[in-house]
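K.L.:
sequence first, then the predicted structure, then my questions.
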Amino acid sequence: MPRLRYAAPMIVRLLVSVVAAIVALLLAEGAWSLVTGRSLVHPAPLARMQALDAERIAAAARTVGPFAADEDPVVGFHVKGSAAREFLGVAASTDRFGMRARLGGDPADDAVRIAILGDSVAFGFGVPDGQTLGHHLEELLATAMGPNTARPFVTTVACPGWNFQNQARYLQDHLARIDPDIVVMLPIGNDLDDGFGVDEAGQRSWPQRPGAPFVGVEVWTGFVLERWKRHGENIAGTQTWPLLMSGLSPESERRWSAYLRAIDELRDRLERHGAPLLVAFSERDEFARVLHERLTRELPGSPVMGLHGPREAEDCIANDPHPNGRWHRESARRIARRLIESGWLVGADAAALPPGDPRYADRGFEPTEWSVPEEYRAAWGALYGDRFDLAAGAGLWQVYGGVHPADGTVGVGCFLGLRKPGARRLVATIRPLDRASGVYPVVLTWRSGTSVIAKTPIADSTRIVTVDLPADLGSDGRVDITIEPDNWVVEEFEGRSRLAAFRLERLELR
């Protein structure tokens, strides 16, 4: 009994301590959760570091730009999914995959499925949903189908700014879902370009990496606009298309060859799927002529057709070269007739197609008799010279990329094509950045293809750099040169940040 008498107070004190500890813990938990929003008792699960598809679409919708990054790095980007974004002030609706939304219900199981493949023209840049090429094609074909025949299903696989690599990769990524019976491809001049990237605002950007500036038609367009803005000079009429498109230089030939191989690979993949590939030229310009000539030579038997051209002011959106809804409708009529006459739509009758706009009656063209006129090649050859001179406006069309058109600034590198038979050296005139930039000394690596020709240091006082050419380089006079600095800084120009290592004023073969 005495032990029990002494034990009771100890038990009471122990219970009081336990209760006090529990109360203190609860008070601490309450205070912690009020301050931090987190619980000590119920810790939050580990946060996911990658968003679900639906979350990505919702997040992308909150940025101002119309574009979103694609899961496939070869595709690069597409228009934001499940959105209505304006292009030239006209709303364009997209499905959840970022492709132009199709008007109408679900297709019948036995419907012929047609895919329109391309960039901004195929997308319907600047025209409403009910005026795109794909929409008009489906409506026209529906009128030509026989009784008890399902309405064709036309889907658009296109994005403004896509090159052919972007288009073809996207179609192959989604081939099972799109499941085309026919693919109509609209080639365009920027098919030879590098692919765009997308910035944090949802706008297109030029991806760059050391020694590899963005290469594309927009580089040439930049020089055209700058010469017009600063000098009132229209060089587009005198220097025609950029060297990149000519097929004359090593880089141009490399890109053309890769382009034809990619078309052949897509055609083969589609044939295995049971879908023919029809190439429909939307313009009858130099690019289309060169492509048709090479298709005829390298991929004989490829189905081809022309739409309407040359494109005139009445075919275009006001103050923009993209085609308007009327052009899309009449071009869809030509495609519909070709698909029916090719026997690809069983039960369709071309005679049942409604009459077209008489203004387009004689404007359709066929590329079967095309060739690249010798005057084109002569003109390109005459322009393919031995120098780039920014101040004089010489050789601007020979810049593949990396030279800012306003002042010649070079960041991660620049890439140009020059020609001079018997040339033994390169001479560059540069303007260094201000000493305060802190960028110098900089070592320039000079490359032809993957071969390093020389490494030359420059300082804030350097004006002339001379590089001897290897004896076996440019035996035919054609030399493609990359200049890669090993350091650069970020500077602001006209409200935009850019990378800068030096300004290239002149580059010449001697």
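P.N.:
Received the coordinates, thanks.
K.L.:
so which residues of the stretch 1-150 of the chain form helices?
P.N.:
Per DSSP state H, counting those that start in this stretch, the stretch 1-150 of the chain carries helices over the ranges 2-36, 53-60, 120-123, 133-144.
K.L.:
average pLDDT across the first one?
P.N.:
Model confidence over helix 2-36 averages 59 on the pLDDT scale.
K.L.:
how near is residue 375 to residue 387?
P.N.:
24 Å (CB to CB, to the nearest Å). All C-beta atoms are positioned from the backbone trio N, CA, C, and that covers glycine.
K.L.:
okay, these two: which has more neighbours?
P.N.:
Legend: neighbour count by other CB atoms under 10 Å for residue 375 and residue 387, higher for residue 387 (18 against 8).
K.L.:
how about that one, nearest residue that isn't a chain neighbour?
P.N.:
Nearest residue to residue 387 in three dimensions, chain neighbours excluded: residue 508, at 4.2 Å (CB to CB, 6 or more residues apart in numbering).
K.L.:
so what are the domain limits for the protein?
P.N.:
1-47, 53-61+72-369, 385-509 (automatic domain parsing).
K.L.:
of these, which approaches residue 379 most closely?
P.N.:
Closest approach to residue 379 among these (CB to CB): domain 53-61+72-369, 6.1 Å.
K.L.:
figure out how far that closest one is from the centre of its chain.
P.N.:
12 Å (CA atoms, centre = their mean, to the nearest Å).
K.L.:
show the average pLDDT along that domain.
P.N.:
Mean predicted confidence for domain 53-61+72-369 is 93.
K.L.:
next secondary structure after the helix or strand containing residue 380?
P.N.:
Using DSSP states H and E, the element containing residue 380 is helix 374-383. Downstream of helix 374-383, the next assigned helix or strand under DSSP H and E is strand 387-389.
K.L.:
what number of residues lie near the nearest residue in space to residue 141 that is not next to it in sequence?
P.N.:
The spatial neighbour of residue 141 that comes closest, neighbours along the chain excluded (CB to CB, 6+ apart), is residue 152 at 4.5 Å. Residue 152 has 25 neighbouring residues, counting by other CB under 10 Å.
K.L.:
pretty sure residue 390 is touching residue 431, no?
P.N.:
No - Residue 390 is beyond contact range of residue 431, at 10.0 Å (criterion: CB atoms under 8 Å).
K.L.:
mind listing what's buried along stretch 448-463?
P.N.:
The neighbour-count check on stretch 448-463 (16 or more other CB atoms under 10 Å) flags 448, 453, 456, 458, 460, 462 as buried.
K.L.:
out of those residues, which is nearest to residue 112?
P.N.:
Using CB to CB, those come closest to residue 112 at residue 448, 50.1 Å.
K.L.:
residues in contact with that closest one?
P.N.:
473, 474, 479, 480, 481, 482 (CB atoms under 8 Å, 6 or more residues apart in numbering).
K.L.:
of those residues, which belong to strands?
P.N.:
479, 480, 481, 482 (DSSP state E).
K.L.:
hey, what's the second one bridged with?
P.N.:
I take that to be residue 480. Counting by DSSP bridges, residue 480 is bridged to residue 417.
K.L.:
run through the residues that contact it.
P.N.:
249, 250, 251, 400, 415, 416, 417, 418, 448, 449.
K.L.:
from these, list the buried ones, please.
P.N.:
Buried, going by 16+ other CB under 10 Å: 249, 251, 400, 415, 416, 417, 418, 448, out of these.
K.L.:
how much space between the last one and residue 473?
P.N.:
By that I understand residue 448. 6 Å.
K.L.:
between these two, what contacts are shared?
P.N.:
Both residue 448 and residue 473 are contacted by residue 479, under the criterion CB under 8 Å, 6+ apart.
K.L.:
out of the contacts of residue 448, which one sits closest to residue 440?
P.N.:
Nearest to residue 440 among these, with distances taken as CB to CB, is residue 482, at 20.4 Å.
K.L.:
returning to what we had before: rebuild the buried residues of stretch 448-463 as a markdown table, extending it with pLDDT and distance to residue 426.
P.N.:
A markdown table is the format used below for the buried residues of stretch 448-463 (pLDDT from 0 to 100; distance: CB to CB, whole Å):
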| residue | pLDDT | distance to residue 426 |
| --- | --- | --- |
| 448 | 93 | 10 |
| 453 | 96 | 8 |
| 456 | 98 | 10 |
| 458 | 97 | 14 |
| 460 | 95 | 22 |
| 462 | 95 | 15 |
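K.L.:
could I get the domains of the chain as TSV with distance to residue 379?
P.N.:
What follows is the domains of the chain, written out as TSV (distance: least, CB to CB, whole Å):
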stretch	distance to residue 379
domain 1-47	61
domain 53-61+72-369	6
domain 385-509	11
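K.L.:
now the helices for the stretch 151-300 of the chain?
P.N.:
164-173, 175-178, 217-231, 236-239, 243-246, 250-273, 286-298.
K.L.:
ok, and what's touching the third one?
P.N.:
For helix 217-231, the external contacting residues (CB under 8 Å, 6+ apart) are 189-190, 192-193, 206, 233-236, 241-242, 244-245, 393, 396-397, 399-401, 403-406.
K.L.:
and what of stretch 249-256?
P.N.:
With CB under 8 Å, 6+ apart, stretch 249-256 has contacts from 192, 215, 243-247, 290, 294, 384, 398, 400, 415, 417, 419, 449, 478, 480.
K.L.:
quick one: the residue nearest to residue 387 is in a strand?
P.N.:
Yes - going by DSSP: H, G, I helix; E, B strand; the rest coil, the assignment for residue 508 places it inside a strand.
K.L.:
wait, it touches residue 419, no?
P.N.:
No - assessed by CB under 8 Å, residue 508 is found out of contact with residue 419, at 11.5 Å.
K.L.:
list the buried residues in stretch 472-491.
P.N.:
For stretch 472-491, burial by neighbour count (16+ other CB under 10 Å) applies to 473, 474, 478, 479, 480, 481, 482, 483, 484, 485, 488, 491.
K.L.:
and the least confident of those residues?
P.N.:
Out of these, that is residue 474, at 73.
K.L.:
list the contacts for that residue?
P.N.:
Residue 474 neighbours (CB under 8 Å, 6+ apart): 420, 423, 448, 509.
K.L.:
residues near the second one, how many?
P.N.:
So the one you mean is residue 423. Residue 423: 18 surrounding residues under other CB under 10 Å.
K.L.:
which residue, other than its chain neighbours, is closest to it?
P.N.:
Excluding the flanking residues, the one nearest residue 423 by CB to CB, 6+ apart is residue 509, at 3.8 Å.
K.L.:
could you give the number of residues near that neighbour?
P.N.:
For residue 509, the neighbour count with other CB under 10 Å is 23.
K.L.:
correct me, but it touches residue 421?
P.N.:
No - Residue 509 is not in contact with residue 421 according to CB under 8 Å; the separation is 9.5 Å.
K.L.:
circling back to that earlier point, what subset of the contacts of helix 217-231 is buried?
P.N.:
Buried by 16+ other CB under 10 Å: 189-190, 192-193, 206, 235-236, 241-242, 244-245, 396-397, 399-401, 403-405, out of the contacts of helix 217-231.
K.L.:
narrow those to those in strands?
P.N.:
Secondary structure from DSSP E places 399, 400, 401 of the buried ones among the contacts of helix 217-231 in strands.
K.L.:
show me the contacts for the residue nearest to the first one when sequence neighbours are not counted.
P.N.:
Spatially, and ignoring its direct neighbours in sequence, residue 399 is nearest to residue 416 (5.3 Å; CB to CB, 6+ apart). When the contact criterion is CB under 8 Å, 6+ apart, the partners of residue 416 are 388, 395, 398, 399, 400, 403, 480, 481, 507.
K.L.:
between which two of the residues you listed is the distance greatest?
P.N.:
Of all pairs in those, the most separated under CB to CB is 403 and 480 at 14.0 Å.
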